[in-house]
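Student: What shape does this take:
(one chain, ligands or ions: 1)
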Amino acid sequence: MPGSRSRLSHYRIPLFAVAVVALVGVGVASVLGVAGLRKSNAWTEHTYQVIHAIEVTDRAVRATEANARAYRLTGHPEFRSQFLAALPGVDAAAARLVALVEDDPAQAAPAHALRDAANAHAADLRRLYDLQEVEGAEAARQATDAAATLRQWRAIETAATQLRRGETRMLQDRKAHAQRQGLRLTAIVVSGTVLSALLMGLLMWNVVRENSRVRALERKTRQASQEMANTMRRIDRLSRQRHALSRYSGMLQSCETRDEILRLTGETIHALVPGVGGECYLFRASQDFYEIAATFGDAPAASADSVLPNQCWALRRGQPHLVPGGQGPRCDHLDVASARGDMDSLCMPLAAQGTALGLLHVALPADGDHEIEIELLGQVAEQLGLAVANLQLRETLRTQSLRDPLTGLFNRRYLEVSLSRELHRCERRQLPLSVLMLDVDHFKRFNDTHGHAAGDALLAQVGRLIQSTVRAEDFACRYGGEEFTVVMPELDAAGACTRAEQIRRAIGMATVQHAGQTLGPVTVSIGIATFPGDGTTPELLMQVADTMLYRAKAAGRDRVLHASHQG
Ligand SMILES: Nc1nc2c(ncn2[C@@H]2O[C@H](COP(=O)(O)OP(=O)(O)OP(=O)(O)O)[C@@H](O)[C@H]2O)c(=O)[nH]1
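Tutor: Numbering: from 1, shown residues only. Predicted structure coming up:
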């Protein structure tokens, strides 16, 4: 199994113990061998000492005899003194020889025999010397026992030979023994050394292998912990991204304007994918193109302000389109001249329920396949598409609930709420407020003559004319049928009459194009009431203005009547 310890590792300590024992054995054997060799040398030395002692004894006997004879023959005192000096040396040499071999019974016997024969011979020589000293050399010569001398010499030589042989034999035995011991020692030392070297080598190899395995394990552990740290970082980043996305999704629900949505989207993209820049386009249905609605990021990409549906691959295919570093089919809305090789371009369609709503274009630092970025931006685009669709739906509903679909003016509900609010405001600030009620004259007849659709076209035209004539702070409403109301905050009676006259004249001059025909013009009657003189509540003002309208109709139509002001 990779990473697990080898079987040898389990026997490491026993093997080490065996190697140590082998080394100790080699050491002990070496010490014992050296001791044996020393002993063997000592014995060899002893042998040489014995042989030397034999020679010394032999030489002492011969010297004694030679001096004795020379003295007997010459009578020279020099020989006498040399004889007397050599004589004690015979016993001393023989005694030393005996002492050397005393512990060996086999050698002790010939040594004793040698000593006895040497001493006997020395004693004879002493006796003859003494005789010569007393009776002269001739007497000593005659007293010489040649046979006895010969026996003594033979005994000396025999004992000496026996001793020499014995020592030589022992020397050879010891040499052979030392040789065997040496061989044994060599074998022990060599085998012990080889064995311990092998075991040590094996252990060393095992340790080195274990070390490299441990290092490999450490490397793997480091890699694993590095990967773990990377994974943790990735998880952390993912969780932050998920959090940012869910926060984005939650906040989108509370956005009330398109700008809020786009600002939030820019911030979210910046938080999710740092370093990107780009644009968000929204579809302008009336002109059939995508118009830039917001830019975001530090490096806005070089993309056109408006994009036709066929100028973008993402819009055409309904899926993200990535152009890495300017390589690949580029969308026509991108500026080729300012394209940067270190930036990738990504377009993402914005859609909801199968309807194309816009386009998200970002420039990303060129780095890999952008799988994560595409995923994240895809989720942003999905949320953004839904939010834009939602907002559009809300705006449509709001418009529908506040506006009259035929004329585009505010409806009666809006009038009621707004009139009350504006009246309170003007009351607080002590400012006037005028209410104008307008009715198309003989509209029934127009309807009956030209048809209901033509009547609708006329009402839409009247609405447009009223809207274009009043100020921005005034609000015009379709009160119902062919009746219109205009609330004019801060406008007094005179101003209101002037404005009403402008409206009456504008409508009176206008014609309507319907079904290829030019219809009209028509006239309108207008009744006006002004706060505070004509009433202080919305209901009263409306009622007075309506009364004035009724009076204008009754007075012959196509006129403006004010409750308290005559223009
Ligand atoms: N085409 C069209 N006609 C409408 C609409 N609302 C109301 N009318 C018609 O407008 C006409 C109003 O007629 P009347 O109330 O008799 O008033 P008039 O004919 O304008 O006469 P005076 O107001 O007295 O001048 C009716 O025939 C309604 O059917 C609308 O939205 N479109």
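Student: Tell me which helix or strand the residue nearest to Phe16 when sequence neighbours are not counted sits in.
Tutor: Taking CB to CB, 6 or more residues apart in numbering, and ignoring the residues beside it in sequence, Phe16 has Leu203 as its nearest neighbour in space, at 5.9 Å. Backbone N, C-alpha and C define where each C-beta goes, glycine included. Following DSSP states H and E, the helix or strand that holds Leu203 is helix 146-254.
Student: And for Ile13?
Tutor: Counting by DSSP H and E, the element that carries Ile13 is helix 12-74.
Student: any residues touching the first helix or strand past that helix going along the chain, and which ones?
Tutor: From helix 12-74 onward toward the C-terminus, using DSSP H and E, the following helix or strand is helix 77-101. Here helix 77-101 makes contact (CB atoms under 8 Å, 6 or more residues apart in numbering) with 46, 49-50, 53-54, 56-57, 59-61, 63-64, 67-68, 70-71, 107-108, 111-112, 114-115, 118-119, 121-122, 125-126, 129, 163.
Student: what's the strand or helix carrying Asp130 packed up against?
Tutor: Taking DSSP H and E as the criterion, Asp130 maps to helix 105-135. Using 3 or more CB pairs under 8 Å, 6 or more residues apart in numbering; DSSP states H and E, the elements in contact with helix 105-135 are helix 12-74, helix 77-101, helix 137-142, helix 146-254.
Student: Check those for me and report the most buried one.
Tutor: With neighbours taken as mean count of other CB atoms under 10 Å, the helices and strands packed on helix 105-135 reach their highest mean count in helix 77-101, at a mean of 18.
Student: What mean pLDDT does that helix get?
Tutor: Mean pLDDT, computed over helix 77-101, is 91.
Student: The helix holding Asp130 versus helix 12-74: what angle between them?
Tutor: The directions of helix 105-135 and helix 12-74 differ by 20 degrees, with axes from the mean of the first three to the mean of the last three CA atoms, to 10 degrees as the criterion.
Student: what comes up buried for helix 105-135?
Tutor: Residues of helix 105-135 classed as buried under the neighbour-count rule (16 or more other CB atoms under 10 Å) are 107, 110-122, 124-126, 128-129, 131-132.
Student: try stretch 468-486
Tutor: Residues of stretch 468-486 classed as buried by neighbour count (16+ other CB under 10 Å): 469-470, 474-479, 482-486.
Student: Could the C-alpha coordinates of it be exported in PDB?
Tutor: Only the C-alpha atoms of stretch 468-486 are listed here, as PDB (Å, rounded to 0.1, in the frame of the first residue of the first chain):
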ATOM      1  CA  SER A 468     -49.400  70.500 -24.300                       C
ATOM      2  CA  THR A 469     -51.100  73.700 -23.200                       C
ATOM      3  CA  VAL A 470     -50.900  73.300 -19.400                       C
ATOM      4  CA  ARG A 471     -47.800  73.800 -17.300                       C
ATOM      5  CA  ALA A 472     -45.700  70.900 -16.000                       C
ATOM      6  CA  GLU A 473     -46.900  71.400 -12.500                       C
ATOM      7  CA  ASP A 474     -50.600  71.300 -13.600                       C
ATOM      8  CA  PHE A 475     -52.300  68.000 -14.100                       C
ATOM      9  CA  ALA A 476     -54.900  67.200 -16.700                       C
ATOM     10  CA  CYS A 477     -57.400  64.400 -16.200                       C
ATOM     11  CA  ARG A 478     -60.100  62.800 -18.200                       C
ATOM     12  CA  TYR A 479     -63.000  63.100 -15.800                       C
ATOM     13  CA  GLY A 480     -65.300  60.800 -17.800                       C
ATOM     14  CA  GLY A 481     -66.800  60.600 -21.300                       C
ATOM     15  CA  GLU A 482     -66.000  63.800 -23.100                       C
ATOM     16  CA  GLU A 483     -65.400  65.700 -19.900                       C
ATOM     17  CA  PHE A 484     -61.900  66.800 -18.800                       C
ATOM     18  CA  THR A 485     -60.500  68.400 -15.700                       C
ATOM     19  CA  VAL A 486     -57.400  70.500 -15.200                       C
END
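Student: That one and the ligand, any residue contact?
Tutor: Yes. Using CB under 6 Å from any ligand atom, stretch 468-486 comes into contact with the ligand via 481-482.
Student: Distance from the chain centre to that stretch, please.
Tutor: Here stretch 468-486 is found 69 Å from its chain centre; the criterion is CA atoms, centre = their mean, to the nearest Å.
Student: next one: stretch 43-56
Tutor: 87 Å.
Student: Contacts for the helix or strand containing Thr295 next, please.
Tutor: Secondary-structure element containing Thr295, defined by DSSP H and E: strand 289-297. Residues from elsewhere that reach strand 289-297 (CB under 8 Å, 6+ apart): 258-259, 262-263, 265-267, 269-270, 275-284, 303-309, 312, 315, 358-359, 362-363.
Student: Just want the residue of the protein that's nearest the ligand.
Tutor: Relative to the ligand, the nearest point of the chain is Gly455 (2.5 Å; CB to the nearest ligand atom).
Student: Enumerate the residues of this structure near the ligand.
Tutor: Contact residues (CB under 6 Å from any ligand atom) of the chain with the ligand: 439-445, 447, 452, 455-456, 459, 481-482, 553, 557.
Student: Out of the residues you listed, which end up buried?
Tutor: Buried members of the residues of the chain next to the ligand, counted by 16+ other CB under 10 Å: 439-441, 443, 447, 455, 459, 482, 553.
Student: tell me which of the residues you listed is nearest to Lys175?
Tutor: Minimum separation from Lys175 among those (CB to CB) is found for Leu459, which lies at 148.7 Å.
Student: Show the pLDDT at that closest one.
Tutor: The predicted structure lists Leu459 with a pLDDT of 97.
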